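Q: Return a 3D structure for these sequence lines:
(chains A and B)
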Amino acid sequence: MAAPDQYQPHASRDDAAEARYHRRAFLVMMVLFIGAPFVVYPVFVMKALCFALFACAFNLLLGFGGLLSFGHAMFLGMAGYAAAHAAKVWGLPPELAILAGSAASTVLGVVVGLLAIRRQGIYFAMITLALAQMVFFFCLQAPFTGGEDGIQSVPRGRFLGFLDLSNTMVLYYVVLAIFTAGFLLIYRIIHSPFGQVLKAIRENEPRAISLGYRTERYKLAAFVLSAGLAGLAGATKALVFQLASLTDVHWSMSGEVVLMTLLGGMGTIFGPVVGAFAIITMENYLAELGSWFTITQGAIFVVCVLAFRRGIIGELEAWLRKRRGG
Amino acid sequence: MKFQRKLLAAAVMALSAGAVHAQISGNVIKIGVLNDQSSLYADLGGQGSVNAVKLAIEDFKAKEKGLTVEVIFADHQNKPDVGSQIARKWIDSEGVDMIIDTPNSGVALAVSEVVREKGKVFINSGAASSDLTGPKCTPNTVHWTYDTWMLANGTGNAIVKTGGDSWFFLTADYAFGHALERDTEAVVLKSGGKVVGKVRHPLNTQDFSSFLLQAQASKAKIIGLANAGGDTINSIKQASEFGIVKGGQNLAGLLVFLTDVHGLGLDKAQGLILTSTYYWDLNDQTRAFNKRFAAVNGGKYSTMVHAGVYAGTTHYLKAIAALKSDDGTKVVAKMKEMPTDDPLFGKGTIRADGRKIHPAYLMEVKKPSESKGPYDYYKVRATIPAEQAFRPLADGNCPLVAKK
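A: This is a model prediction of the structure:
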C-alpha cells in the first residue's frame, strides 16, 4: 500500500481515540474564541476567523482531495463582491447577502471545477491560477466592483432581523457562529463516506477508479464545496470590513492561503485554523517592517517546508501519536 | 518610541503647568499618519509626511499653548482593507483623533468612511479622487492638496490656452485612468482644443513602444498621460527614447510628483508639463520650509503632499486651540469656518464639501542646462487662481452641499 501511515484502515479503538482528541481540541478552541474578544482587539480576531474558515475550505480540497488549487482567492473575492453588492445595492439583509456571496462562489466553483479537474498536479494548479487571473481582471474592469476602489461602506444591517451588527461584540459572535458552522460542516464532510472516498482518490486515483468510483464527480463535488465555503468566508469578511476590494481576488491571496494551510498542517482538522491565526498575527504585528514583511513570510515558509513539513498541528499530532505508542 | 516618550514627558510637564484642556480626549491630541511607507508612494508621502507633521507641531508651539500632540504612523500597503483596519484600530484602541495623508484613492475612501462612522477627523493630502469631496464627501473629511478634477482642469485648460490644442491620450485601462482621461478630455474640448486620438494600455505595462508610436503618428501637439506611478515613469522614459519631446510634441503628465521627476532625471523628463499646488522654490516661505524639511528628511525635498500634510496639521491644531475641544465633527466644522493661513499655500478656505481651496501652478520641467541646483526642476508657466483651480461647489454632488 502506498502511504501506510495515513491510509491504513484504522482500528476502531484508534478512531475513538481520534474522535476524543478532536472533541477536546474543539472545546479548547471554542473556549479560546469565545473569550478572545475580551482580551484581543475583536476586529482582528474576526479577520483571523474569516481567514481560518477560508484556509479550512482550502484544506478540504488540498489536504483531503489532494488537489492544489492556486486560484482560491477568486472564490473569496467574488463572494465578497457579490455579498457587498447584494447588501449595498440590492439592500438585502446580512444573512441573505452572505448566502448570495456563497452562492456566487459556488456557481463559479462549478464552472472553474468542470474545467480544472480534468487535469492533475501542476496543470491543475496552473489552470486554476489562469482562471483566477481572469476573474481578477474581470473585477478590475467590471463597473459594479468599483475597480481599484472596491465596494466601500457596505451596510452591516441586522442579522436575522434582530442582531444589530454595528455593535462589534454582536458582530463578533455572529462571525464566530458562521465560522463554527463552516468548520463543523467541513469536519462532517471529511468524516463522511464521501470524505473517505476523497481520501482514497488522493492516495491512489487509478485504484479508486478500479473500485468503481467515478472519481471526476467526487473531485468536482469537493471542489465546489471548497469554493462555496471559501465564499462563505469571503462574504463574511466583506461584511466585517464593510469593504470588498481587489486584495481578496489578487493571486497573492491564493498563495497566502496555501501558506496558511501548509504552516498549520495540511490534511489536519485544526491545522488551517492555527496557520491562519499565525499568518494573520504576523501580518498584523510585522506590518511595520514594510517590504521586509514579505521576506520574513517567505523565510518562515522555507523553514516550515524544510524543518517541519507536516505543519504545526501535523507535527504535534505525530508527536502525540508517537507518545501514545500508536 | 523615543519621540513618543519625549512627548509623554512633555505631557506630564504641560499637565503640571496647569494648562486648561478639559475637552481634549485623553488630554492628548493624537495624530496618525496613515500612508504608504514602503512602496510606490513612499517617496512622495512616507516618512516625509511624518516629518511634516512634526514640523507643524513644532511651529504651532503646541506646548506653550498647553496642548500635547503625539504622532504615530503606519503603512497601509496600498490595500483598502489594511488601511481601514488600521484606522479602526487606531481610533478604537489607541485614541487617535486625526488621520492624515493617505495616498491611494481606494484606501482614502475606505478610511474616510471609518472616520465618519467614528466621528473623528480625516485630512487627506495624498489621494487624488475628487469623489472625496464629491458624492462620497463626509462632515469629517478635509481634502487638502489636489484632486483629479483640479489636475485635469489645470493641465488641460492651461495647456490649450498656451497653444497645445490637439491632444492624444495614453490612458491606463482602469477606473482611475478612465476618469482622468474623461475629465481632461472634457476640459480640452471646452477650452477649444481637440482630441485626435487615444489609446489604452493595461495597468503596469513595461513596453509602451506600440502606444507611443501611435501617439507619435497622430501628430498631436500634446500627449496626455492619464496614468500614474510606474506607468507614468515608464511612458516618459520610453517617450524620451523615441525622441518624442525632441520631435516637437509635448508630454502632459496628469499626475506627476516632484519625486517622479527626480527619479526620472531632467534628461528624460524635460519639457513635461504638469500641475502642482506647491513647489519648494515658489517663494521665500516655501524655500525656508523646504530647507528645514530637507534637513530632517535625509536631504530629500518636499512634495506637494508633504506641504499639504504640514498645512493641514497646522490648520487642524489652530481649530482645536480656538475650539478648546478635539471633538472630530466639531473641529472639522471649525476648520471650515476659519480661513486658512499658512506659509506654504498662503491664505485660503475650506469649503462646505471639505475641499481646501488654493491656487494651482502649471509647471514645465526644466532642461538639464537650465537647472542650477538639486531639485531645481520646475518653472512656472501659469498660475491658476484659487477660485478657478477646483471644481465648483455645485458640480460635486456632495450631499452636504445639496442639503442646503
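Q: mind showing which ranges of the chain have poor pLDDT?
A: Just so you know, I chose chain A. A:1-13, A:287-291, A:326 (pLDDT under 70).
Q: Chain B was what I was after
A: Checking chain B against pLDDT under 70 turns up B:1-22, B:402-404.
Q: if you set the cut-off to 50 instead, what comes out?
A: B:1, B:11-22 (pLDDT under 50).
Q: top helix in it by residue count?
A: Looking across chain B with DSSP state H, the single longest helix is helix B:304-323.
Q: tell me, how many neighbours does B:Ser39 end up with?
A: B:Ser39 has 16 neighbouring residues, counting by other CB atoms under 10 Å in any protein chain shown. All C-beta spots, glycine's among them, are computed from the backbone N, C-alpha and C.
Q: hang on, the earlier thing: tell me the helices and strands packed up against the longest helix of chain B.
A: strand B:29-35, helix B:46-60, strand B:98-101, strand B:121-124, helix B:284-296, helix B:328-337, strand B:340-342 (3 or more CB pairs under 8 Å, 6 or more residues apart in numbering or on different chains; DSSP states H and E).
Q: Mind putting these into a markdown table with distance to chain A?
A: Formatted as a markdown table, the helices and strands packed on helix B:304-323 follow (distance: least, CB to the nearest CB, whole Å):
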| stretch | distance to chain A |
| --- | --- |
| strand B:29-35 | 12 |
| helix B:46-60 | 10 |
| strand B:98-101 | 16 |
| strand B:121-124 | 14 |
| helix B:284-296 | 20 |
| helix B:328-337 | 17 |
| strand B:340-342 | 28 |
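Q: Turn these into TSV, including mean neighbour count.
A: Listed next are those as TSV, based on neighbours: other CB atoms under 10 Å in any protein chain shown:
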stretch	mean neighbour count
strand B:29-35	28
helix B:46-60	23
strand B:98-101	32
strand B:121-124	30
helix B:284-296	15
helix B:328-337	19
strand B:340-342	19
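Q: Can you convert the ones you listed into a markdown table and add a column each for distance to B:Lys366?
A: Shown next, in a markdown table, are the helices and strands packed on helix B:304-323 (distance: least, CB to CB, whole Å):
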| stretch | distance to B:Lys366 |
| --- | --- |
| strand B:29-35 | 28 |
| helix B:46-60 | 23 |
| strand B:98-101 | 28 |
| strand B:121-124 | 30 |
| helix B:284-296 | 17 |
| helix B:328-337 | 36 |
| strand B:340-342 | 27 |
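Q: of these, which approaches B:Leu255 most closely?
A: Ranking the helices and strands packed on helix B:304-323 by proximity to B:Leu255 (CB to CB) places strand B:121-124 first, at 15.1 Å.
Q: Pairing partners for that closest one, with directions?
A: The strands beside strand B:121-124 in its sheet (DSSP bridges) come out as strand B:98-101 (parallel), strand B:141-143 (parallel).
Q: how about a markdown table for those strands, with distance to A:Val45 added?
A: Below are the strands paired with strand B:121-124 laid out as a markdown table (distance: least, CB to CB, whole Å):
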| stretch | distance to A:Val45 |
| --- | --- |
| strand B:98-101 | 23 |
| strand B:141-143 | 29 |
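Q: Need phi/psi at residue 190.
A: Picked chain A for this. Dihedral angles of A:Ile190 (phi, psi; degrees, to the nearest 10) stand at phi -60, psi -40.
Q: hm, I was asking about chain B
A: Here is the backbone geometry of B:Lys190 (degrees, to the nearest 10): phi -70, psi -40.
Q: Pick out the residue of the stretch 101-250 of chain A closest to chain B.
A: Among the residues of the stretch 101-250 of chain A, A:Gly147 lies nearest to chain B; the distance is 3.0 Å by CB to the nearest CB.
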